[in-house]
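Undergrad: Mind folding the following:
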Amino acid sequence: MSAQLAPSSISSPVQPTVARHTVAVAHGDGIGPEITDAVLHVLRVAACPIDFTPVQMGEQAYLAGHGAGVPPEAWDVLSRHRVLLKGPMTTPQGGGYKSINVTLRKTLGLFANVRPCVAYHPYVHSAHPGMDVVIVRENEEDTYGGIEHRQTGEVMQCLKLVTRPGCERIVRHAFDYAVRHGRHKVTCLSKDNIMKMTDGLFHRVFEEVAREYPQIAAEHRIVDIGAARLATRPKDFDVVVTLNLYGDILSDIAAEMAGSIGMAASANVGLHGAMFEAVHGSAPDIAGKNLANPSGMLLAAVMMLLHLGEHDAAERIHNAWLCTLEDGIHTPDVFNEMTSKRRVGTREFAHAVADRLGREPRRLAPVRYGAMPVETSAAANDTPPSAPPHAADKTCDGVDVFLDWSPETRDPDILATALRAACVEGWRLAVITNRGVKVWPEGHPDTFCSDHWRCRFLAEGEPATPQAILDLQQRLVAAGLAPIKTENLYRFDGERGYSAAQGE
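TA: Have a look, this model is predicted:
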């Protein structure tokens, strides 16, 4: 068999009567073109009914002046095809450049990131033989909104945004995934013992949605102890659903625990499209050397075939890949003297997989996708987020005023005296915090204070009005205490919609 792979613009040689799919393919940067061509070769030999349209994006697009790394014509291709098979891409350092993955996921509404983490012991070394965990990560919200500010000489701020519709979509997607794939348990990981409102919302929505799936066991763990248990006892987990930041970290850790992040794949799924990719990066240090392992991207292509409803093709390719591992044909990253028989490069590994199409593994468990419900799109499986039962009665208790204040002593009692003197009638200074810790009244003398202060004013008598809040701010400005930020303190149907100060 020739060592050269078919061109990247390949189409599968199937009968004209077979329904065909159109998929955009981006070869990426670094090792991206090599592993993409390897995967396309396997798909061609497997006669997958797919027409691929190349799309240019990534580092070169960024260097050509397209700030997001995606030129306008690429967006046009993605809008037409709705499914993208994407090679790894390089994120240039510095400047205002954001990860192209973040750009694609958020622009295209790909809210669900699904990452299977499976051990292939003994053919790939793993500290946890038998590990089989799927991480379902919310893909659009949390701190990944990238909304950050420098507010004082010493303090930076990052906003964490969590919405009820976003929580509902990802939690329901996790349970739907469990049902479709024959899983038995979904575990929610959050940190709502500290972030009681944002992570608390995620936990609360999880409990609500779990009641709709009585056939699936549901549990919640605090993310720190949950991560520790995942690292030491992964067999206690099946499907894990969590917020964006936690999911990003945990899915990489879990993939490495299973054996190698180079073999990890991910699906990014939304209501109107999907993107499939390897989890690893572009590895420019080995680009062009025929050393890269194409397994992560090949397994991403298997996930793409399931998404397209091509279950038979997905099953044949996945089982052929398992046979290749069993036969000891390994790329350098997973090669070991105990279980490997032949060290091969990127191209040779792809040919080995293609040669084994139609075979099933003998020791590793073969996959069975034929009976799985068709996973055509998230829109077909995910119930739209529920609307609020009614428009909540919203009233304002007061306002948190944030100040940049850094006299030599940084004495909160001095600040409180100035703030109380500037108060207009109808307002009461309730508490001052620094980095979230109460420092007035009755603060602790050992508490370190930065130059960033939160001063909570509560309205006395009637609820606070926008005009009253403006009048208060004008008084503070006149006293030389200019706010750098304010947050109104609302109640919704009488329930407080803001956190108590630590120690308040």
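Undergrad: where does the protein have low pLDDT?
TA: Confidence mapping of the chain against pLDDT under 70 gives the ranges 1-18, 92-98, 374-389, 503-504.
Undergrad: Nearest to the spatial middle of it, which residue is it?
TA: The structure's the chain has its C-alpha centroid closest to residue 139; by C-alpha atoms, centre = their mean the separation is 3.7 Å.
Undergrad: That residue reaches residue 244, doesn't it?
TA: Yes. Under the criterion of C-beta atoms under 8 Å, residue 139 lies in contact with residue 244, with a separation of 6.4 Å. C-beta here means a position set from N, CA and C on the backbone, and glycine is covered the same way.
Undergrad: Using the three-state scheme, assign the closest residue to residue 235 other than its chain neighbours.
TA: Nearest-residue entry for residue 235: residue 130, 6.3 Å, with adjacent residues in sequence omitted and distances by C-beta to C-beta, 6 or more residues apart in numbering. For residue 130, the secondary structure call by DSSP: H, G, I helix; E, B strand; the rest coil comes out as coil.
Undergrad: got it, and the one 4 residues further on?
TA: Applying three-state DSSP to residue 134 yields a three-state assignment of strand.
Undergrad: With residue 255 as the reference, measure out to it.
TA: From residue 134 over to residue 255 the distance is 11 Å, taken as C-beta to C-beta, to the nearest Å.
Undergrad: The two: which has the busier surroundings?
TA: Taking other C-beta atoms under 10 Å, residue 134 and residue 255 do not tie; residue 255 has more neighbours (25 against 22).
Undergrad: show me the contacts for the residue nearest to the centre of the chain.
TA: For residue 139, the contacting residues are 105-106, 110-113, 170, 244, 268, by C-beta atoms under 8 Å, 6 or more residues apart in numbering.
Undergrad: do residue 120 as well
TA: Residues touching residue 120, when contacts are defined by C-beta under 8 Å, 6+ apart, comprise 126, 258-259, 263, 322, 325, 364.
Undergrad: one more time with 10 Å, if that's ok
TA: 126, 129, 131, 258-260, 263, 295, 321-322, 325-326, 334, 339, 361, 364 (C-beta atoms under 10 Å, 6 or more residues apart in numbering).
Undergrad: buried sites along the helix or strand hosting residue 179?
TA: The secondary structure element spanning residue 179 is helix 164-180 (assigned by DSSP states H and E). Under the neighbour-count criterion of 16 or more other C-beta atoms under 10 Å, helix 164-180 has 164, 166-178 buried.
Undergrad: could you give the angle of whichever helix or strand comes after it to helix 164-180?
TA: Of the helices and strands lying after helix 164-180 in sequence (DSSP H and E), the nearest is strand 185-190. Relative orientation of strand 185-190 and helix 164-180, computed by axes from the mean of the first three to the mean of the last three C-alpha atoms, to 10 degrees: 150 degrees.
Undergrad: and strand 185-190, which strands flank it?
TA: Sheet partners assigned to strand 185-190 using DSSP bridges are listed as strand 217-222 (parallel), strand 239-242 (parallel).
Undergrad: Mind giving me the packing neighbours of the very next helix or strand once past the longest one?
TA: Using DSSP H and E, the helix or strand that follows strand 217-222 in sequence is helix 223-232. Here helix 223-232 is seen to pack against strand 185-190, strand 217-222, strand 239-242, helix 244-258 when contacts are counted using 3 or more C-beta pairs under 10 Å, 6 or more residues apart in numbering; DSSP states H and E.
Undergrad: Helices - which of the contacts of residue 120 land there?
TA: Within the contacts of residue 120, membership in helices is found for 258, 295, 321-322, 325-326, as judged by DSSP state H.
Undergrad: Can you tell me which of the residues you listed is closest to residue 285?
TA: When the ones in helices among the contacts of residue 120 are compared for distance to residue 285 (C-beta to C-beta), residue 295 wins out at 18.7 Å.
Undergrad: so who does that closest one touch?
TA: 35, 38-39, 120, 124, 260, 262-265, 278, 280, 321, 324-325, 330-331, 333-334, 349-350, 353.
Undergrad: Buried among the ones in helices among the contacts of residue 120? Make that a PyMOL selection.
TA: Remark: buried members of the ones in helices among the contacts of residue 120, expressed as a PyMOL selection using 16+ other C-beta under 10 Å:
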select buried, resi 258+295+321+322+325+326
